[in-house]
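Engineer: Here is the input, now give the coordinates:
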Amino acid sequence: MNKIPAVFFDRDGVLNYDDEGYVYDPNHYTIYPEIPEIIKTLAEAGYILIVITNQAGIARGIYTREHMHSCHSILQQKTNNAFSHIYYSPYHPEVSESLSRKPGSLLFEKAIAKYNVDVENSWMVGDRDRDLIPAKKLGMKTIGVRRNEDFNYADHVITKLEDVIKLAIDNS
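Structural biologist: Numbers count the residues shown, from 1 in each chain. This next block holds a predicted model:
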């Protein structure tokens, strides 16, 4: 079976607006306007699309899994169900430790195994170094989306999300 390239995405601050708090209310969950077209273009180019997100508000009792799943339903609806899987870690170190929480790599490893991902030709897009660390460790290329963060683990840093397409397709 041939391995398939993937583009992994962090959620908050990359796919949807992040108010620096917790994004969990479906009435206030808004994806960036350019995301549907970016996702469509990457899918048409043959990439598997996967989200890996830390959702620590669940462990902290701020919101429920149902809140989060409602937001994920909106994301899938707006992107024509283009994401093969949305992996999430509901843990927070103040409450419970887990290797699934980024910068841990467990959720990446699960996705790689399940979808037969070609790691060397795959990408991770995140707005924080902790999003990129596990991907880098596993041999993926990384893209940092410049919000307010300096990056130590980004192969490329972008300010326009549309540049993900250029980087992934031109460097495949």
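Engineer: List the buried residues for the longest helix seen in the chain?
Structural biologist: What stands out as the longest helix in the chain, according to DSSP state H, is helix 65-78. Of all the residues in helix 65-78, those buried under the rule 16 or more other Cβ atoms under 10 Å are 67-68, 70-72, 74-75, 78. Just so you know, the C-beta spots here come from the backbone N, C-alpha and C atoms, and that holds for glycine as well.
Engineer: gap between it and the chain center?
Structural biologist: 14 Å (Cα atoms, centre = their mean, to the nearest Å).
Engineer: And for stretch 99-115?
Structural biologist: Worked out by Cα atoms, centre = their mean, stretch 99-115 lies 12 Å from the chain centre.
Engineer: Please enumerate the helices of this protein.
Structural biologist: Assigned by DSSP H, the helices in the chain fall at 35-44, 65-78, 106-115, 129-138, 163-170.
Engineer: Can you tell me which of the ones you listed is packed in deepest?
Structural biologist: Comparing those by mean neighbour count (mean count of other Cβ atoms under 10 Å), helix 129-138 comes out on top with a mean of 21.
Engineer: quick revisit: what pLDDT, on average, does the longest helix of the chain get?
Structural biologist: Mean per-residue pLDDT for helix 65-78: 97.
Engineer: and it with helix 35-44, angle?
Structural biologist: On the basis of axes from the mean of the first three to the mean of the last three Cα atoms, to 10 degrees, helix 65-78 is oriented at 70 degrees to helix 35-44.
Engineer: Right, I'll leave it there.
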